[in-house]
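A.B. asks: With the input below, show me the fold.
(2 chains)
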Amino acid sequence: MNEQEGPIELRITTRGAEVTEEDVKAALTGEFVRKVKDAHVRQGNAVAITSNQEIPPAPPPPPPEDE
Amino acid sequence: MCGGSLWSVWGLSMQICLVNAPISAEFSDAAELQTEEVRRISSDPQLGILTLAAVLEANQCAPRIVDLNRSFFRYADNVGESRIDEYAGEAAREIASVDAAVYGFGSICSAYPLTLRIAKLVKAARPESAIVLGGPQASVVAEQTLAAFSFVDFVLRGESEQSLPIFLEELTGRRKFDRVPGLTHRSVWGVQRNPDAPLIGDLDALPAPAYHLTGELRGLHRASLELGRGCPFSCAFCSTNDFFRRKFRLRSPERVLEDMRAIEAEYGIRDFDLVHDMFTVDAKRVRAFCQTMIDSGEGYTWSCSARTDCVDEGLIELMAAAGCKGMFFGIETGSERMQKVIDKHLDTRRAHEIIDIAERAGVRSTVSLITGFPQETWDDLRQTVQMFMHSARTPQSKPQLNLLAPLANTPLHTAYKQEMSLDLLCSEMSHQGRKQNPEDMDLIRRYPDIFPNFYLLPTPHLDRALLMELREFSRLAEARFRWLLGAVDQVTGGVLDFFLEWIPERERLYPAMAGSDLRHYYRTPQFASDFTAFLRNHPAGDHSLVKVFLDFEDALSLALSPDRSLVANSVRLRAGQALEWSDIPIRIRRSRVVELPSALEPAIEAVKARREHQCERGTHYYVVAQNSEQDNAVFEVSVRVAKTVNACNGLRTMAQVVQHLSSEFPEIREDLRSHVFVSLVERCRAEGLVAIYRPSRLKMSAVIEANESQAAVEAL
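C.D. replies: Residues are numbered from 1 along each chain as shown, chains lettered A, B, ... in the order given. Got it, this is the predicted structure:
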């Protein structure tokens, strides 16, 4: 198992070693993250304000770095 | 800037302070005030005040503007909810700190009581100065306002770009107020109403709004821009004809484009809300506008208002190509009969089609509906709710169900003014927040002719308490779970009948709830929880389509948010930075992982198309991640991604995440596990679902301790 400290150094070689790039790729085949179209969820307290103008959606979220 | 001599009377040396209508003060609930949506919508620049300010600048005058919306938010943030009712005093102090000879207040119906209370305090602080009201509400109740409130000196009615400089000239000179068009004032004969000011025919000659005086466009993504004035229609509930009249006027496409370019150059904004009560009246001119936008090659985006009988597929496609991203459709009622009664005369079947056409063209639609007309029956209401649900089923469409407010001097108000009543809840045209200020309520009770929009009209064929609750139920249910509501609509006799079944349950749970507490209840998570529990025990809850969304809501309510305590004040690692085993990966965007026994997407498609749902059984994993303050996006993910995101709960180091996943997925070859699981964490980070932090040594000992005690608990 992994050591508890120090840098993560995962050696991958193209051939001849225990772990090859192809092995890792094969193990990760089929993993996916896909946005579900139109499935928005609102939580917490909600407001439903009205306006006589078209209310645009919220501006895009800040990049994750800003959280 | 202003090049014409029309409003260049002469150099005005007096100090003038302009004050906008405090729309934001409608929201007095602390939670609502913090929402990004409320801040955004109530902070839109008010074009009337800004254009008048630009006219004054063209007259060598340097007006000051006090922006009550931002002032209100500053005040609310500082004092909190308990003292929010005292805002009028704070606003008056801010306004009176400007040394001005004239204080000009804009007005809209919903904020009119507060505007008057503030104006009264300003007059007390600056008795030598003139208090002038303008804008839509003061214009229609000018005589009543002057008769009732001695601190109001003048009302300048209607479009005032020409009449304001004339008025100021008289105020500083001969004081012959009879010659000021559109002015209502006091004389020895009592309150005098001068003839209306002439309409401004050439809107291009008006200067651009003086956005620079408030700086309110800074940091915004969108700017309001006037497209024109005047609506030729005469709907029975609408007040626009009293202010802008029925003469349809448009600014030239070239002038609008020039203003867009200037705003982009100054503020970097490329998205515009083009303000006109009814832009699409003249299709030929809409085409010319679109062609100018296309030819410019600027790629600006914009939204506008439209009637569903003034647009067709070709025009909507052209508008979309010219940058139109959103349209506001005041459809008002889903009933053909009521369309005639209220003099709207839309073909409701065609209105359904236009919503669909806008959707296909990639244009968002806002579908505004009204209930509470005196002539409205349950059948009419049923059709309005069907229209509401058609919009709710359309992904880019947003329905609004409003309660009718009798706007001053409209045909409906005139016909029923003797039968108006005041209730605990009222229309959004009067107040959108949780509680109306008691001093406002006192004014409203004393002067129904000045504040009729706070009253309700009789609904002899409908139970008005039910209508008010239907409004809260439909809008908040749609906002929270539109697909669940759509599924219920599809598998039952319709949402209106379902609502009538829900009411006894709500009354059983909260028998004494009424008024603002009832309004507040629908905005809380408790409503969502009660509603889904009710649906679980309802026959509709057994339907496979409804079950998909119910399962989703239930799973979401049980999913845990990550614990950020261990990464607080730690350094967040940048992408590409070398990782250490002691780094802590954590879910971000408040993301939660849910596991469902059937797929979500086919169910959404079934509701959209109102077709039979083919339930696909099988475990599906979703990550719900915060998109904006309130909105969450939903991602379908593979099982390993789901477990990886879940493992990143903020309490595990990279080493412990790998260890945890190794036990979750023992089928992965042992020598590959570190590679695969670290890659999965990296993938989640790249997708914006996980961040990785490097804690301090001190934090690390806390992590180890926390995990040791957790392990000990698990061992037990």
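A.B. asks: what about the residue lying closest to B:Leu404 once chain neighbours are set aside, how many neighbours?
C.D. replies: Nearest non-adjacent residue to B:Leu404, counting by Cβ to Cβ, 6 or more residues apart in numbering or on different chains: B:Gly372, 3.8 Å away. C-beta coordinates here come from the backbone N, C-alpha and C atoms, glycine included. Counted with other Cβ atoms under 10 Å in any protein chain shown, residues neighbouring B:Gly372 total 23.
A.B. asks: B:Val152 versus B:Gly372, what's the distance?
C.D. replies: 31 Å (Cβ to Cβ, to the nearest Å).
A.B. asks: ditto for B:Ala320
C.D. replies: Distance, B:Ala320 to B:Val152, by Cβ to Cβ: 46 Å.
A.B. asks: now swap in B:Val363 and tell me
C.D. replies: Relative to B:Val152, and taking Cβ to Cβ, B:Val363 is found at 43 Å.
A.B. asks: Same question for B:Ala96.
C.D. replies: With Cβ to Cβ as the criterion, B:Ala96 and B:Val152 are 16 Å apart.
A.B. asks: neighbour-wise, which of these two wins?
C.D. replies: B:Val152 (24 against 20).
A.B. asks: sec struct for the more buried one, please.
C.D. replies: coil (DSSP: H, G, I helix; E, B strand; the rest coil).
A.B. asks: OK, contacts around it?
C.D. replies: B:Leu116, B:Ala119, B:Ile131, B:Leu133, B:Thr145, B:Leu146 (Cβ atoms under 8 Å, 6 or more residues apart in numbering or on different chains).
A.B. asks: Of the residues you listed, which is the most crowded?
C.D. replies: Among the contacts of B:Val152, B:Leu133 has the most neighbours (other Cβ under 10 Å), with 29 neighbours.
A.B. asks: any idea how chain B splits into domains?
C.D. replies: B:16-193, B:217-404, B:558-715 (automatic domain parsing).
A.B. asks: Turn these into a markdown table, columns for mean pLDDT.
C.D. replies: Below are these laid out as a markdown table (pLDDT from 0 to 100):
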| stretch | mean pLDDT |
| --- | --- |
| domain B:16-193 | 92 |
| domain B:217-404 | 95 |
| domain B:558-715 | 87 |
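A.B. asks: Of those, give the one that comes closest to B:Met429.
C.D. replies: domain B:16-193 (6.1 Å; Cβ to Cβ).
A.B. asks: Quick one: the strands in chain A, in order.
C.D. replies: Along chain A, counting by DSSP state E, strands occupy A:33-42.
A.B. asks: which is the next helix or strand following the helix or strand B:Arg261 falls within?
C.D. replies: Using DSSP states H and E, B:Arg261 falls within helix B:253-267. For helix B:253-267, the following helix or strand on the C-terminal side (DSSP H and E) is strand B:271-275.
A.B. asks: after that next one, next one along is what?
C.D. replies: Moving toward the C-terminus from strand B:271-275, the next helix or strand (DSSP H and E) is helix B:283-296.
A.B. asks: Now do the buried residues in that next one.
C.D. replies: Neighbour counts over helix B:283-296 (16 or more other Cβ atoms under 10 Å in any protein chain shown) mark B:Arg285, B:Val286, B:Phe289, B:Cys290, B:Thr292, B:Met293, B:Ser296 as buried.
A.B. asks: right, is that helix up against chain A?
C.D. replies: No: interface with chain A: helix B:283-296 contributes nothing (Cβ under 8 Å from any Cβ of the partner chain), its closest point being 15.7 Å away.
A.B. asks: How about residues contacting that helix?
C.D. replies: Residues contacting helix B:283-296 (Cβ under 8 Å, 6+ apart): B:250, B:253-254, B:256-257, B:279-280, B:300, B:302, B:310-311, B:315, B:318-319, B:321-324.
A.B. asks: how big is the angle separating it from strand B:271-275?
C.D. replies: Compare the direction of helix B:283-296 with that of strand B:271-275 by axes from the mean of the first three to the mean of the last three Cα atoms, to 10 degrees and you get 160 degrees.
A.B. asks: now helix B:283-296, how far from the centre of its chain.
C.D. replies: 28 Å (Cα atoms, centre = their mean, to the nearest Å).
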